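Chemist: Sequence and computational prediction follow.
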Amino acid sequence: MIERKSKYLDVLVPRGLVEIPTEHNVPPAQITAEGLCAIRIGCEGGVISSLEVIHDCASVPLKLLLPRLAEPHAHIDKAFTWGGFPNLQGDYQGSLDANFKEHESRTAKDVYSRAERALKLAVKNGSRAIRSHVDSFGSFADESWEALVALRSEWRHLIELQLVALVPLEYWSTQRGNSFAKYVASVGGLLGGVFLPPFDRKFSGALLFQLLQLANALGCGIDLHIDESQTHPAAGLTQLVQLLDQTQMTVPITCSHSSSMGLLPQKKLQNLAKRLAHHQVNVVALPTTNAWLLGRHARRTPVQRPLAPICQLQQAGVTVAIGCDNVQDPWFPVGDFDPLSLMSLSMPIAQLAPWQRVGLAPFTTSAAAVMELKWDGIIRRGGPADLIMLEANSWSEALSFPPPRKIMVNGAWLDQWNLSTTIV
């Protein structure tokens, strides 16, 4: 599957993703209007051995090069289930109903097969890590986790798989939930949950506080589905920061979705963003699924859609990543675990430009930071030779259609043909 040999790559790299050595008497790299610079990269022994600025770009054919990317929020256990469990009305409740129907017939074999297909697509498309929330309540939970932990080990040489236990929030307050949390922590997983309005503030606050305490005790990170709603703007996030004001957390907290926060008046939004930054809470925005599910009204085109306020959060100092969320399941009917397609779809929804550092970070360095990956995604001497080389020489060309690409893993090109033929 993998061919290894010494090589140099003459490429265009986003300036914000490359650490160019400063040499005496060498002119700085020229930056294109799209924020790209021409670099010659040497790879040897699985790492980047050299970086050199190319000054005569006209004489060298150059292709756009990126680090392999990270997917901070997916659901590989239920991916590709739309055919059997469609949600034709496209709303949140319809998704939930179809999801529960799928649970009635779910087996560990189903979960393994769907997850393996997802990992194959993710690797082929250029991902090096993926965080998946896993439906973890019901009779299938233990077997699902055993299957996914085994799959994680089998694929560790190609992609890092992180697992989050997705359950109703009250589950963590039960004896069974406490026991399961210990198992999740023992296999390096994270604790998750769903925190959506409307809810009783006192009761829900007690449940959330118990989860925070449990995570602290186990040294286990938290990744919540929170405020995935078009009502009660930021009700969950507001309650979370109030609890964090009273609690010293020792584990990382990520708030996925945070959609209704975008509906707050600007002053309240900015204040909440500052409080999230103060408590070092990360946010994962999920624009494609949220744009599909939320803001629906019968026979009306939505002109306002709930979406995490990415730019305002960034300005406040919050680390914000963007994920694909659902792929061909009751929650979102399309997708194929392609990070470039996700960037392309997110551009018009969130008005993010990849030629700007803040527009590119949610897909690259910020995603790596949220997932606490060993490599931050910056291309530098001595860094991993984990790269995506695209048949494109501009952002416009790369994101107008998913271009052909070559994937380098640990300094060796991945044979895409062999990998692709195993995808069912």
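Modeler: In hand now; what should we look at?

Chemist: pretty sure G205 is touching V241, no?
Modeler: No - G205 lies out of contact with V241 (CB atoms under 8 Å); the separation is 11.8 Å. (Glycine included, C-beta is placed from N, CA and C.)

Chemist: Looking at the two, which has the bigger crowd around it?
Modeler: Comparing G205 with V241 by other CB atoms under 10 Å, the one with more neighbours is V241, at 19 against 15.

Chemist: got the domain boundaries for the chain?
Modeler: 2-68+377-420, 69-352 (automatic domain parsing).

Chemist: continuing past the lowest-mean-pLDDT helix or strand in the chain, what's the next helix or strand?
Modeler: Sorting the helices and strands of the chain by mean pLDDT, DSSP states H and E puts strand 2-3 at the bottom, at a mean of 46. The helix or strand immediately downstream of strand 2-3 is strand 7-14, counting by DSSP states H and E.

Chemist: So in that sheet, which strands flank that next one, and in what orientation?
Modeler: strand 36-44 (antiparallel), strand 63-67 (parallel) (DSSP bridges).

Chemist: what about that strand, average pLDDT?
Modeler: Throughout strand 7-14, pLDDT has a mean value of 92.

Chemist: Just the buried residues of that strand, please?
Modeler: The neighbour-count check on strand 7-14 (16 or more other CB atoms under 10 Å) flags L9, D10, V11, L12, V13, P14 as buried.

Chemist: do the same with stretch 168-188
Modeler: Result for stretch 168-188 [16+ other CB under 10 Å]: buried residues L169, Y171, W172, G177, F180, A181, V184, A185.

Chemist: show me the residues around the second one that make contact.
Modeler: With contact taken as CB atoms under 8 Å, 6 or more residues apart in numbering, Y171 is in contact with F137, G177, F180, G193.

Chemist: Widest-spaced pair of the residues you listed?
Modeler: F180 and G193 (12.2 Å; CB to CB).

Chemist: now E102, nearest residue through space, not along the chain?
Modeler: Excluding its sequence neighbours, the residue lying closest to E102 (CB to CB, 6 or more residues apart in numbering) is F85, at 4.5 Å.

Chemist: what's the answer for L399, then?
Modeler: Closest to L399 by CB to CB, 6+ apart is S344, at 4.2 Å.

Chemist: need the contact list for the residue nearest in space to the middle of the chain.
Modeler: Nearest to the mean C-alpha position of the chain, by CA atoms, centre = their mean, lies P72 at 2.0 Å. Residues near P72 by CB under 8 Å, 6+ apart: R131, T254, V284, A321, I322, G323, A367, V370, M371.

Chemist: Need the max-distance pair from the buried residues of strand 7-14.
Modeler: D10 and P14 (15.7 Å).

Chemist: what about F337, how many residues close to it?
Modeler: Using other CB under 10 Å, F337 has 25 neighbouring residues.

Chemist: so it sits right up against N125, yeah?
Modeler: Yes - applying CB under 8 Å, one finds F337 in contact with N125, separated by 5.9 Å.

Chemist: Ramachandran angles for D376?
Modeler: phi -80, psi -10 (degrees, to the nearest 10).

Chemist: From L276, how far off is S341?
Modeler: 29 Å (CB to CB, to the nearest Å).
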